[in-house]
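> sequence first, predicted model second:
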Amino acid sequence: METHSQILDRLRSAFRSGITVPEAFRQAQLKQLMSLMTENEDQILDALKKDLAKPKFESIIAEVDMVINELHFTIANLNSWMQPEYVSKNLATKLDDCFVRREPLGVVLIIGPWNYPLQLLLSPLIAAIGAGNCAIIKPSEVSAATDALVAELIPKYMSQDCYAVVRGAAEETKALLKNRFDHIFYTGSQAVARHILHAAADHLTPVTLELGGKCPCLIYGKVNITYAARRLAWSKFFNTGQSCVAPDFLVCSKATRDALLPALRQTLEDFYSKEPESSSDLPRIVSPRHWTRLMELLKRSKGKVVMGGESNEENKYIAPTVLVDVAEDDALMEEEIFGPFLPILTAETLEEAIALINRQEKPLALYVFSEESSVVNTVLEKSSSGGFCSNDGIIHMALPTLPFGGVGASGFGSYHGRWGFETLSHQRAVMLRGWTLERLNGLRYPPLHRGQAEL
Ligand code: NAD
């Protein structure tokens, strides 16, 4: 078996040969990735079912189609992104050619999480290929079936000189990180991100961190409660709450909460029936370890369960669960929930709600539900988050013209569409000078005349 440094040597020498630079090569590899996706859709859906019991429709919209759409968008726009960007000039540079040239960085390491194990691994790979880099991808070992499938398919479809899959858990990843990369693109938890940054510091490697956090959802002002309940429940319980952009907790007034609860109860019944455990539309918790973490969190919470709460360790099931009377210092508010619990906190005014969310770390996404644009605009102006969406959840991340990434503790750097291309390119400043106007240049050369010296 090849060692990490042998794999890296192979990729580095391919990169140095310049093979990844021409647009034709990048386009060909993107098209190969497209074939990988379209020719193996059934196997991909099977793997996602094994890992998380994802329903077919969820897998198609959140994994397969996200990757395919990103591929289409990149293939269609790559040529224009690769063009030099001419910049405006001043008097001293009027006769020069001044532009920004996007250049590949080298070998990029992409480390993926388990919750959307395909999309969050291959979308950054699309950016790496588009920007002309070689890449090593490291899938999450937790989503074992997808991990194995990716390791089987990538070498079949993609240039083995330029792209490789390395498998393994924390220890193998730590060993891999001892090597020098030209960029590390990491998606995962804040805790592990600290290790990634330490490892990157040894080689001064630039890093993109796509992390999580507690994404708030606010409901204030006039609102259609039925629509709000449906959109909130959909975005919260999609992938059974195991989404980095899932609304983590809700803040609203007591009156709104009381109006919302029956609508949420009806919605959950409409979505998953009276027996959610037998619904094929509710994925499972990814592993027994993650199931136990969630159940302990629920046990420690002082909130009152008003919907759900049932669980089954054998099949890693946890019901969509809603809790009220949750205080700001409750166990459920200590860390990102990353599961199907929706705590509802109350604040009587919008200002109090904004103050509450601003006492937390900056989240990856922030949601506000209201028919009043003044409410939406006030929240937008008085808060900070990686992304923002009004009157829905999650959906903003599917638009490739918007950057996807965090701010503060939810990460730094962004991708999707051109944003990923830029993140994994070097923006090289180029000034091409000719030989004219030497007489004018002469003014700056020593020996300086009195007038110059006095300037
Ligand atoms: P994780 O940090 O446990 O694992 C992510 C990757 O890091 C895996 O490939 C894993 O093998 C590797 N890893 C684990 N321990 C390591 C170590 N000590 N050193 C080096 N590598 C190590 O994250 P996870 O549990 O897979 O994912 C859940 C977290 O990811 C949540 O916090 C979620 O919010 C976040 N997330 C963020 C985004 C985003 O786009 N911002 C998307 C999905 C998930």
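All right, it came through fine. Numbering: from 1, shown residues only.
> pop out the phi and psi values for the residue lying closest to I354 once chain neighbours are set aside.
Of all residues not flanking I354 in the chain, K382 sits nearest, at 5.0 Å (Cβ to Cβ, 6 or more residues apart in numbering). Just so you know, the C-beta spots here come from the backbone N, C-alpha and C atoms, and that holds for glycine as well. With angles defined as degrees, to the nearest 10, K382 sits at phi -100, psi 10.
> check the burial of K382 by counting its neighbours.
Using other Cβ atoms under 10 Å, K382 has 13 neighbouring residues.
> please apply the same query to H426.
So H426, with other Cβ under 10 Å, has 17 neighbours.
> for it, which non-adjacent residue is closest in space?
Leaving aside its sequence neighbours, H426 sits nearest to E103 (Cβ to Cβ, 6+ apart; 4.7 Å).
> what strands line up against the helix or strand hosting the one you found, and which way round?
Following DSSP states H and E, the helix or strand that holds E103 is strand 97-104. Paired with strand 97-104 in the same sheet, following DSSP bridges, are strand 85-86 (antiparallel), strand 425-432 (antiparallel).
> just how off-centre is that strand within its chain?
Offset of strand 97-104 from its chain centre (Cα atoms, centre = their mean, to the nearest Å): 27 Å.
> buried residues in that strand?
Neighbour counts over strand 97-104 (16 or more other Cβ atoms under 10 Å) mark 98, 102-104 as buried.
> one more: stretch 232-240?
Applying 16+ other Cβ under 10 Å to stretch 232-240 flags 232-233, 235-240 as buried.
> name the residues that touch whichever strand or helix holds A255?
For A255, the host element (DSSP H and E) is helix 254-272. Contacts to helix 254-272, defined as Cβ atoms under 8 Å, 6 or more residues apart in numbering, come from residues 219-220, 223, 225-226, 228-230, 232-234, 237, 252, 276, 279, 281-282, 306-308, 320, 322, 324, 344, 346, 348.
> out of those, which are close to the ligand?
The residues of the contacts of helix 254-272 that also fall near the ligand, by Cβ under 6 Å from any ligand atom, amount to none at all.
> can you select the buried ones from the residues you listed in ChimeraX?
Those of these that count as buried under 16+ other Cβ under 10 Å are selected in ChimeraX with:
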select :219,220,223,225,228,229,230,232,233,237,252,276,282,306,307,308,320,322,324,344,346
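> so which of the contacts of helix 254-272 sit within helices?
225-226, 228-230, 232-234, 237 (DSSP state H).
> looking at those, which is nearest the ligand?
Nearest to the ligand out of those is F237 (Cβ to the nearest ligand atom; 15.8 Å).
> which secondary element of this protein has the worst mean pLDDT?
Least confident helix or strand of the chain, by mean pLDDT, DSSP states H and E, is helix 450-454 with a mean of 63.
> how about JSON lines for the strands paired with strand 97-104, with distance to the ligand and mean pLDDT added?
Shown next, in JSON lines, are these (distance: least, Cβ to the nearest ligand atom, whole Å; pLDDT from 0 to 100):
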{"stretch": "strand 85-86", "distance to the ligand": "28", "mean pLDDT": "98"}
{"stretch": "strand 425-432", "distance to the ligand": "20", "mean pLDDT": "98"}
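> looking at those, which is buried most?
strand 425-432 (a mean of 13; mean count of other Cβ atoms under 10 Å).
> distance between the next helix or strand after that strand and the chain's centre?
For strand 425-432, the following helix or strand on the C-terminal side (DSSP H and E) is helix 438-441. Remark: helix 438-441 is offset 52 Å from the chain centroid, using Cα atoms, centre = their mean.
> what is helix 438-441 packed up against?
Where contact means 3 or more Cβ pairs under 8 Å, 6 or more residues apart in numbering; DSSP states H and E, helix 438-441 is not packed against any helix or strand.
> tell me the mean pLDDT over it?
Averaged over helix 438-441, pLDDT sits at 82.
> and what of stretch 392-410?
97.
> and what of stretch 366-385?
pLDDT averaged over stretch 366-385 gives 98.
> quick one: which of the buried residues of stretch 232-240 is nearest D46?
For the buried residues of stretch 232-240, the residue nearest D46 by Cβ to Cβ is N239; the value is 17.1 Å.
> surely that closest one and A53 touch.
No: in this structure, N239 is not within contact of A53 by Cβ atoms under 8 Å, at 10.2 Å.
> is it possible to export the ones in helices among the contacts of helix 254-272 to a markdown table including pLDDT?
Shown next, in a markdown table, are the ones in helices among the contacts of helix 254-272 (pLDDT from 0 to 100):
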| residue | pLDDT |
| --- | --- |
| I225 | 98 |
| T226 | 98 |
| A228 | 98 |
| A229 | 98 |
| R230 | 98 |
| L232 | 98 |
| A233 | 98 |
| W234 | 98 |
| F237 | 98 |
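> for the ligand, what are the nearby residues on the stretch 201-350 of the chain?
Going by Cβ under 6 Å from any ligand atom, the residues of the stretch 201-350 of the chain near the ligand are 210-212, 244, 336, 338.
> restricted to strands, list the residues you listed.
When those are checked against strands (DSSP state E), the matches are E210.
> which parts of the stretch 51-200 of the chain sit against the ligand?
111-115, 120, 138, 140-142, 169-170, 173-174, 187-189, 192, 195.
> ok, whichever residue of the chain sits closest to the ligand - contacts?
Of all residues in the chain, G212 sits closest to the ligand, at 1.9 Å by Cβ to the nearest ligand atom. Applying Cβ under 8 Å, 6+ apart to G212 gives the contacts 189-190, 244, 336, 338, 364, 410.
> of all those residues, which comes closest to T74?
T74 has its nearest neighbour among those in C244, at 21.9 Å by Cβ to Cβ.
> how about that closest one, nearest residue that isn't a chain neighbour?
C244 sits nearest to G212 (Cβ to Cβ, 6+ apart), 4.4 Å away.
> and the gap between the one you found and P104?
29 Å (Cβ to Cβ, to the nearest Å).
> ok, now S243?
31 Å.
> what about the closest residue to S390 other than its chain neighbours, neighbour count?
Once flanking residues are discounted, S390 sits nearest to V376: 4.6 Å by Cβ to Cβ, 6+ apart. V376 has 20 neighbouring residues, counting by other Cβ under 10 Å.
> check which helix or strand V376 maps to.
Element membership of V376 [criterion: DSSP H and E] is helix 373-382.
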